[in-house]
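Trainee: What shape does this take:
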Amino acid sequence: MPRALITGITGQDGRYLAELLIGKGYQVHGMIRGQNNPKARIVQDEIPEIELIDGDLTDLSSLIAVVEQVQPDEVYNLGAISFVKLSFSQPELTADVSGSGVLRMLEAIRIVGGTNNRIRFYQAATSEMFGQVHEVPQRETTPFHPRSPYGTAKVFGYYTTANYRESYGVHASNGILFNHTSPRRGLEFVERKISNAVARISLGLQETVTLGNIDTARDFGYAGDYVDAMWRMLQQDDPDDYVVATGKTWSIRQVLDMAFKSIGIEDWSSYVATDERFRRPAEVDHLVGDASKAKDILGWEPKVDFPQVLEEMVRSDVESERAKAGLA
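Mentor: Below is the predicted model of the structure:
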């Protein structure tokens with residue numbers, strides 16, 4: 001039975017990936033920071049087959065201990081400070097977890113794996129590395145120009161992954177994933193903030209939602225599709241780096257249109273306010289990816305369109321908020 005270690009197991013990607021791997025016959029270990037983590041209990045309830053293990057991306061010794069104990073065939077490093085706005089207020093922590101954390105995990109793999117290292121490593125890179133884009137669409141050869149501490153930390157992690165691949169022969173691949181979402185997405189992310197607000201507005205529990213720049217555009221996909229691309233990367237004979245994207249963009253205005261229409265509201269202008277406090281110090285205006293390489297080599301293509309995902313997110317949030325409020 002193959003063994004996988006997933007950091008960031010409590011996030012949406014960690015949970016979808018765990019379900020995918022368990023379905024393929026893997027023994028899945030999820031790394032958490034602190035056994036009393038309330039999110040860990042949710043994950044354990046949702047996916048009882050996961051074995052949780054305590055570890056910390058800011059502590060090399062703990063990572064060595066985790067890799068020694070699990071003896072994984074595959075390591076998926078999804079753990080990060082991934083909320084871009086938070087990275088501006090906590091840049092040092094972001095650099096330590098999202099950047100240096102990659103180095104520590106790779107070093108643990110190098111130390112434990114030894115000279116005949118069989119452990120395969122996946123690094124969750126991000127479209128935020130492109131930042132102020134140099135070409136449209138963005139592909140594997142597009143230069144990076146990050147516009148946030150999160151983006152810069154991820155660039156460090158990206159090149160560190162490539163360095164361990166080239167220097168030590170580690171089977172290490174970067175997945176440059178563009179925005180992907182689901183009902184499991186955190187409420188701090190704009191598309192989920194919108195779906196939840198729309199659900200609450202439809203139930204009379206909330207009157208308005210306040211956002212930042214609603215003219216930015218992103219390439220949105222479905223998280224369940226994107227974890228399949230992660231797995232496919234580690235099944236290749238040779239490690240490499242891949243863009244994972246849909247090739248379609250949606251502005252936040254369009255997201256608002258679709259979300260409000262799903263509850264029967266055509267004109268949402270009176271329900272949405274904007275506030276400069278929600279804008280980034282350095283904005284990323286337009287991200288759209290070219291996943292041709294992933295299609296050609298991995299055989300990967302997105303299966304679920306973003307409008308379907310958003311509709312499901314609103315429906316799921318309506319059910320959840322109705323239950324919380326005790327509404328019939």
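
Trainee: which other helices and strands contact the helix or strand bottoming out on mean pLDDT in the chain?
Mentor: Counting by mean pLDDT, DSSP states H and E, the chain has its least confident helix or strand at helix 84-89, which shows a mean of 83. Under the contact definition 3 or more Cβ pairs under 8 Å, 6 or more residues apart in numbering; DSSP states H and E, helix 84-89 sits against helix 149-168. Any C-beta I mention is one placed from the backbone N, CA and C, and that applies to glycine too.

Trainee: Give me the buried positions along the helix it packs on.
Mentor: Residues 149-158, 160-162, 164-165 are the ones in helix 149-168 that count as buried (16 or more other Cβ atoms under 10 Å).

Trainee: List the contacts of the least confident helix or strand of the chain.
Mentor: Residues from elsewhere that reach helix 84-89 (Cβ atoms under 8 Å, 6 or more residues apart in numbering): 81, 94, 98, 128, 148-151, 153, 188, 278, 280-281.

Trainee: what's the distance between it and the middle of its chain?
Mentor: Centroid separation for helix 84-89 versus its chain: 16 Å, with Cα atoms, centre = their mean, to the nearest Å.

Trainee: Over to stretch 235-250?
Mentor: 14 Å.

Trainee: sorry, back to before: which one of the contacts of helix 84-89 sits closest to residue 302?
Mentor: Closest approach to residue 302 among the contacts of helix 84-89 (Cβ to Cβ): residue 128, at 19.2 Å.

Trainee: now the helices for the chain?
Mentor: 12-23, 38-46, 60-70, 84-89, 91-94, 101-113, 149-168, 190-202, 223-234, 252-261, 292-293, 306-325 (DSSP state H).

Trainee: could you give the angle of the first one to helix 190-202?
Mentor: Which is helix 12-23. On the basis of axes from the mean of the first three to the mean of the last three Cα atoms, to 10 degrees, helix 12-23 is oriented at 100 degrees to helix 190-202.

Trainee: angle of helix 12-23 against helix 223-234?
Mentor: With the same axes, to 10 degrees applied, the angle from helix 12-23 to helix 223-234 works out at 60 degrees.

Trainee: What is the distance between helix 12-23 and the centre of its chain?
Mentor: The answer for helix 12-23 is 12 Å, by Cα atoms, centre = their mean.

Trainee: Residue 249 and residue 288, how far apart?
Mentor: Going from residue 249 to residue 288 by Cβ to Cβ, to the nearest Å gives 5 Å.

Trainee: Redo the contacts of helix 84-89 as TSV? Include distance to residue 319 and pLDDT.
Mentor: Formatted as TSV, those follow (distance: Cβ to Cβ, whole Å; pLDDT from 0 to 100):
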residue	distance to residue 319	pLDDT
81	30	88
94	34	96
98	33	97
128	31	96
148	34	94
149	36	94
150	31	96
151	35	96
153	36	97
188	21	91
278	27	72
280	32	73
281	37	78
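
Trainee: Looking at the buried residues of helix 149-168, spot the one nearest residue 202.
Mentor: residue 150 (32.2 Å).
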